[in-house]
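Asker: Below are the sequence and a predicted model for it; my questions follow.
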Amino acid sequence: MHLNKTPYVKSMLLNQLRGITHTFSARYAENPFTAGGNFIPVYAVEQVHCASVCILDSETKKKLHSMPDWPKEAESYTLPGKHDGIITTLPETAIGIRTADCIPVLIAYPGGPVGAFHCGWRGLVRGILLRAAQLFAAYGSLSQCIAAIGPGICSNCFEVGEEVINEFLAKFPDETRQCIIRSNTRFFLDLKKFVINQLMTSGFTQNSIDILDFCTYCGHGNVSFFSYRKEKNITARQWSIIMVQ
């Protein structure tokens, strides 16, 4: 299949929010993030498939940049600690996560705060999205939030062992049942549907959830992305980035 070399894809719903800019990069993106034609460094986290979320506030940012060994010029900065999500209210401060089959989720209130979350199956079982919803609920009603589910592996391509299905069913039976696809003795899991189910259970509305219909593995959507599974574990990552302007 000949796939489009489009460098970025966007959420229509996030595009409608004033004061918020974002991007989901693809395989042929040149730089992680530009806004208004200017390159902006991205604050990222060391991702470990957990449920921990980093809050980047002004005090934390100031402390980081005052450290003597903190790089002054870089495309991205990795914040201390191990997390799979990051939230900030700071303007002109891009935050992002990296994926190559796992599901990226960007969340925003109009005018902020904004958040970026790395949702692999392990992180989802451990509650990364529930933690994201809990933190965003502290800023207001989740029904006012926009959540964009970015490019990730689709249900036709995400084959898992029965033990993975059982982990989901044990922890989140109601959200999981309609996400399981069985073909004889093989099991497939619809991670994007699971993300939608958890967001709606947490208080997001159906109209506030945007699904970008691209598969990083099979190329559905006709845009080329990096795929951890397809490229035998040796691959780069694409960025999912959001910022309060």
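Answerer: Structure's in. What do you need?
Asker: From here on, just use CA atoms for contacts and neighbour counts.
Answerer: Will do.
Asker: Other residues contacting the host helix or strand of Leu129?
Answerer: Taking DSSP states H and E as the definition, one finds Leu129 inside helix 128-137. Helix 128-137 is contacted from outside by 50-53, 84-85, 113, 117, 119, 142, 195, 198-199, 202, using Cα atoms under 8 Å, 6 or more residues apart in numbering.
Asker: same thing but at 10 Å, please
Answerer: By Cα atoms under 10 Å, 6 or more residues apart in numbering, the list of residues contacting helix 128-137 from outside reads 49-53, 55, 83-87, 105, 107-109, 113-124, 127, 142-145, 195, 198-199, 201-204.
Asker: that's a helix at Ile165, yeah?
Answerer: Yes. Judged by DSSP: H, G, I helix; E, B strand; the rest coil, Ile165 forms part of a helix.
Asker: Start at 48, not 1
Answerer: Noted, 48 is the first residue going forward, which turns the last one into Ile212.
Asker: ok, it - contacts?
Answerer: 168, 220, 223-224, 226-227, 234-236.
Asker: Same question for Gly159.
Answerer: 64-67, 134-138, 186, 192, 290-292 are the contacts of Gly159 under Cα under 10 Å, 6+ apart.
Asker: got TSV for these, with distance to Ser271 and secondary structure too?
Answerer: Formatted as TSV, those follow (distance: Cα to Cα, whole Å; DSSP: H, G, I helix; E, B strand; the rest coil):
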residue	distance to Ser271	secondary structure
Leu64	27	coil
Arg65	29	coil
Gly66	29	coil
Ile67	26	strand
Ile134	28	strand
Thr135	30	strand
Thr136	32	coil
Leu137	32	coil
Pro138	31	strand
Tyr186	36	coil
Cys192	29	coil
Met290	24	strand
Val291	28	strand
Gln292	28	coil
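Asker: Report the inter-axis angle for the longest helix along the chain versus helix 175-184.
Answerer: When the chain is parsed with DSSP state H, its longest helix is helix 238-249. In terms of direction (axes from the mean of the first three to the mean of the last three Cα atoms, to 10 degrees), helix 238-249 departs from helix 175-184 by 40 degrees.
Asker: packing partners for helix 238-249?
Answerer: Secondary-structure packing of helix 238-249 (3 or more Cα pairs under 10 Å, 6 or more residues apart in numbering; DSSP states H and E): strand 150-155, strand 161-166, helix 168-173, helix 175-184, strand 193-196, helix 220-223, strand 227-230, strand 256-258.
Asker: Of the contacts of Ile212, keep whichever come out buried.
Answerer: Among the contacts of Ile212, the ones that count as buried by 16 or more other Cα atoms under 10 Å are 168, 223, 226-227, 234-236.
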